[in-house]
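Visitor: Output the structure for:
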Amino acid sequence: MKTLFHILQQMQTDTEADIPALLTAAGLVDFHEYVIGPSREHNRSALCLYNDEMVHDIESNRLTLIVQLQLPGIEIETAAKYSAVVFEYFRTYKPARLGMNMLDSIAVDTWPMDNTRVTFVYLTLAYTEQLDSCDGGLT
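Guide: So this is what the prediction gives:
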């Protein structure tokens, strides 16, 4: 498994390169920033990347990442379109780019559930790298 720094950096580079065209194709405006950690600008749209959990055990390495979409001035209906684009991107994203074998799950949560000034969408991505005896895991 790659280091957490390299995983987050790889994902930031990939999303910043790939997602703008997907948003444009869906008739949406690109994010103002793609960052690791929280947005530096609370009043601008952003795709933010966070580590949730890294686990190593005898059988596997597991990695859970959180992707936060910060959408100021965006109503729930439009936020759902952003969510769909980013969800589909990560559904087809190659786990090997992060040093993992497979994507176990994607969960999506949207806050707040009403039309206020800022909508946040959280995608939780769970990846696994199965280990064998060569990796220090079970045979």
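
Visitor: check which helix or strand covers Leu15.
Guide: To be clear, residue 15 is Thr; Leu isn't right here. helix 4-25 (DSSP states H and E).

Visitor: Can you give the contact residues for stretch 46-60?
Guide: Stretch 46-60 is contacted from outside by 1, 4, 7-8, 11-12, 15, 19, 31-39, 61-70, 86, 124, 128-131, 137-138, using Cβ atoms under 8 Å, 6 or more residues apart in numbering. Every residue, glycine included, has its C-beta placed from N, CA and C.

Visitor: Tell me the secondary structure of Arg62, please.
Guide: Assigned with DSSP: H, G, I helix; E, B strand; the rest coil, Arg62 falls in the strand class.

Visitor: Any idea how many residues pack against it?
Guide: Around Arg62 there are 17 other residues, counting by other Cβ atoms under 10 Å.

Visitor: any idea which element the residue lying closest to it once chain neighbours are set aside lies in?
Guide: Counting by Cβ to Cβ, 6 or more residues apart in numbering, Arg62 lies nearest to Val55, which is 4.3 Å off, once chain neighbours are set aside. Secondary structure assignment for Val55, by DSSP H and E: strand 46-56.

Visitor: How far does that strand sit from its chain's centre?
Guide: Relative to its parent chain, strand 46-56 has a centroid offset of 8 Å by Cα atoms, centre = their mean, to the nearest Å.

Visitor: same deal with stretch 99-108?
Guide: Chain-centre distance of stretch 99-108: 10 Å, with Cα atoms, centre = their mean.

Visitor: Only the buried residues of it, if you could.
Guide: Within stretch 99-108, the residues scored as buried using 16 or more other Cβ atoms under 10 Å are 99-101, 103, 106, 108.

Visitor: Mind checking which of those residues are in strands?
Guide: Here DSSP state E is the test, and the buried residues of stretch 99-108 give 103, 106, 108 as lying in strands.
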